[in-house]
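> 3D, please:
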Amino acid sequence: MEKQSIMTLKGIGKERAKAFERLGVTNTADLLRLFPRDYEDRSVITPIQEIREEKAVCVRAAVFSAIRQIRTRSLVIFKCTIADDSGEMHIVWYNNPYIKQMLKEGTEYIFCGKVQRSAGHWELQSPLFEKPGQNKLMGRIIPIYPLTSGLSQRNVIDAVTQALKMPLEEEWLPHSVRMDFKLCDLEFALRNIHFPQDMESAAIARKRFKFEEVFSFTLRLAWMKQESAGERGPILAKKSWLDEFITSLPFTPTGAQRRCMQEICADLESGHVMNRLLQGDVGSGKTAVAAAAVYVTVKNGFQAALMAPTEILVNQHFANLCSFFGGTGIRLERITGSMTAKQKNEIRQRLAAGEIDFLVGTHALIQKDVVFSNLALVVTDEQHRFGVAQRAMLNEKGRHAHKLVMSATPIPRTLSLILYGDLDLSIIDEMPPGRKQVKTYAVTESMRPRIHKFMIKNIEEGRQIYVVCPLVSESEKMDLENAELLCKKLQKTVLSRYRVALLYGSMPQKQKDEVMREFVEGKIHVLVTTTVIEVGVDVKNASVMIVENAERFGLSQLHQLRGRVGRGNDQAYCILFDQLSSDVSRRRMEIMCQSNDGFYIAEQDLKLRGAGEILGKRQHGESSFKIADMFEDLGLIQKTQALAGAVAAGTAGLTTEEAEKISAHIEGLHDAEIAFN
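Numbering: from 1, shown residues only. Here you go, the predicted model:
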């Protein structure tokens, strides 16, 4: 299948193409792998008289009355009545003036939408519709796609329908593999993932594409492991450098920190390239361990780099590392996307000239014009936020450089071996002595007045507070607390005497930095924010973490948020507002209240997870899975790992042609991922 531009399809101009591009779709091949997030069975027609509950239904009825227009202060409502042989009901649309031209009184249509009870009558809310027999949007199972501004379901459906009429992609999975894993062929999968004959066909197609995703992921990891196996790396002699670094620290490292430092130094001395994951709970001291590796690297005459996912985390690392390396002669700099072109150019010149020993930065580190003179150690923090492609791009900055991956997100060992299948594992399983556990409480809305008093008490005692919301701004689709509205509410009511500020990820960087600087300096009493502060923010005076709609977060994500407090000497508290009353939600909150052990919480999250996410709400780079599920498909992933290892080693029994087809397909996906990122 030749990859044709999305603009070759009828109805897609420049603006609509830009909207598709925001979904990662630039050509017809991308489009056919824009998988539906759900389906609606519109083949079943329900008589109006038989509607019994609020749900999505399809009715076949005639427009019984002219469309009426009702104006309110904020919107325009359009209403009409429809009727079939069994009865009649109302339809309502909001702010859609075109509906008057689209529907004709006395004409029969098939309407599909959600029904709600209003003033004692059933009412269809903004339904889709078409005349009987057209079968474009009705009379069959219809895919529901992820959307973005400027795209409707009809736009995507029309585009996919056209793409499926073109020559389809050639099968790339060998017949033997499809038989072993009981997978359908590619043509069946492409047609039935979008427009399934029935839900069983949709499930068969989804199984095929789940396999494709996990196999591509595990094979790329297997290739990376194969490439690094036996790869000669710079020999970085430990000598007395490690002891010298430990002696310079203002604290005594834990036994677990010392063990991890020794494991890393053994790799650096081995003459082979290190590929190691350093995993530890919040506050376990990973940065100090990574700093030891940097110290040994630089004292051996080489350069080191650390890449973190956000500027907040980069700035936090930079501040901590400056304190570690003060007076050591190590020349430390940072580079971020918000810097001016002049600032970045100066850093690039000094880096290439070998005048910078250690560079800390965001993804700006992997830009082509960032050149190291003798890079020997690459450290990536919060690896699951980057993706395999970005990690590989940073690795390429230093040929044969040692690689250290840090993660503060505790992950069950089974999952670690999947997510980081190419890495050796070092775990800091011991917390520094004397650190107080954060007292955690799950509360309901009835406790709000008491929590407000508790907040005021802590502020008056000189401490600071985080309030985390699941949304930045108000949403029509989800009745959840949002940071903007809550911030204004607190400023005008219970906390009007104090300084309450707002922080979220898409704020201009200068504004974000200013807010964080003032919070660090104690000028802001309460920071209302989103999960942008999940990692990296280290304010020792912050002692209270309040999470709104805690039921919307994964347990490990809640644990990460809780880790932002309790970093000083004061007793810290985490208050979780749980708006659900289900048994599962209560059990999840109980786990958070009972334990501060991130690894235990991760294991429990895996057991209870359901639709939640151990690594948080779909973070960028998280293995790039669109349709497979890291937890529900664990068995498939483990089985696929064995196949990936055999393919990489050339022992899978494939012909040369079969192996080349697999390689070409997965390299194509890899290139597309880099281009999209």
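
> Are we agreed that residue 117 is in a strand?
Yes. Counting by DSSP: H, G, I helix; E, B strand; the rest coil, residue 117 is found in a strand.

> Name the nearest residue to it, ignoring sequence neighbours.
Take residue 117 and drop its neighbours on the chain: the residue closest to it by CB to CB, 6 or more residues apart in numbering is residue 54, 6.5 Å away. Where you see a C-beta, it was placed from the backbone N, CA and C, and this is true even at glycine.

> State the helix or strand in which that neighbour lies.
Under the criterion DSSP states H and E, no helix or strand holds residue 54.

> Do I have it right that it meets residue 118?
No. Residue 54 lies out of contact with residue 118 (CB atoms under 8 Å); the separation is 10.3 Å.

> What does the residue nearest to residue 117 show for phi and psi?
phi -80, psi 110 (degrees, to the nearest 10).

> can you pull the contacts of it?
If you count contacts by CB atoms under 8 Å, 6 or more residues apart in numbering, residue 54 has them with 114-117.

> Redo these as a markdown table? Include neighbour count.
Below are those laid out as a markdown table (neighbours: other CB atoms under 10 Å):
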| residue | neighbour count |
| --- | --- |
| 114 | 13 |
| 115 | 23 |
| 116 | 13 |
| 117 | 11 |
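
> Can you tell me which of these is nearest residue 132?
residue 115 (19.7 Å; CB to CB).

> would you list every one of the strands in the stretch 251-400 of the chain?
275-280, 303-307, 332-335, 358-361, 375-381 (DSSP state E, counting those that start in this stretch).

> ditto for the stretch 1-150 of the chain
With strands called from DSSP E, counting those that start in this stretch, the stretch 1-150 of the chain shows them at 38-41, 56-63, 68-71, 76-83, 88-94, 108-118, 121-130, 141-144.

> Extract the C-alpha trace of the helix or strand that the last one is followed by and format it as PDB.
Toward the C-terminal end, the helix or strand that comes next after strand 141-144 (DSSP H and E) is helix 153-163. What follows is helix 153-163 as a C-alpha-only set of coordinates in PDB (Å, rounded to 0.1, in the frame of the first residue of the first chain):
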ATOM      1  CA  GLN A 153     -17.100  11.600  13.700                       C
ATOM      2  CA  ARG A 154     -18.700  12.000  10.200                       C
ATOM      3  CA  ASN A 155     -15.400  13.500   8.900                       C
ATOM      4  CA  VAL A 156     -13.300  10.600  10.200                       C
ATOM      5  CA  ILE A 157     -15.800   7.900   9.000                       C
ATOM      6  CA  ASP A 158     -15.900   9.400   5.500                       C
ATOM      7  CA  ALA A 159     -12.100   9.600   5.300                       C
ATOM      8  CA  VAL A 160     -11.700   6.000   6.600                       C
ATOM      9  CA  THR A 161     -14.400   4.700   4.200                       C
ATOM     10  CA  GLN A 162     -12.400   6.300   1.200                       C
ATOM     11  CA  ALA A 163      -9.100   4.900   2.500                       C
END
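
> which other residues reach helix 153-163?
With CB under 8 Å, 6+ apart as the test, helix 153-163 has contacts from 6, 9-12, 16, 20, 28, 31-32, 34, 128, 136-137, 142-145, 147, 194-195.

> Buried ones only from those residues, please, as a PyMOL command.
Buried residues within the contacts of helix 153-163, by 16 or more other CB atoms under 10 Å, are selected in PyMOL with:
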select buried, resi 6+9+12+16+20+28+31+32+34+128+137+142+143+145+194+195
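
> So which of the contacts of helix 153-163 belong to helices?
Among these, the ones falling in helices (DSSP state H) are 16, 20, 28, 31-32, 194.

> Among the residues you listed, which one sits closest to residue 272?
For the ones in helices among the contacts of helix 153-163, the nearest to residue 272 is residue 32 (42.1 Å; CB to CB).

> Does the closest one touch residue 191 like I think?
No. At 9.5 Å, residue 32 does not count as touching residue 191 under the criterion of CB under 8 Å.

> Please enumerate the shared neighbours of these two.
Residues touching both residue 32 and residue 191 (CB under 8 Å, 6+ apart) are residue 164.
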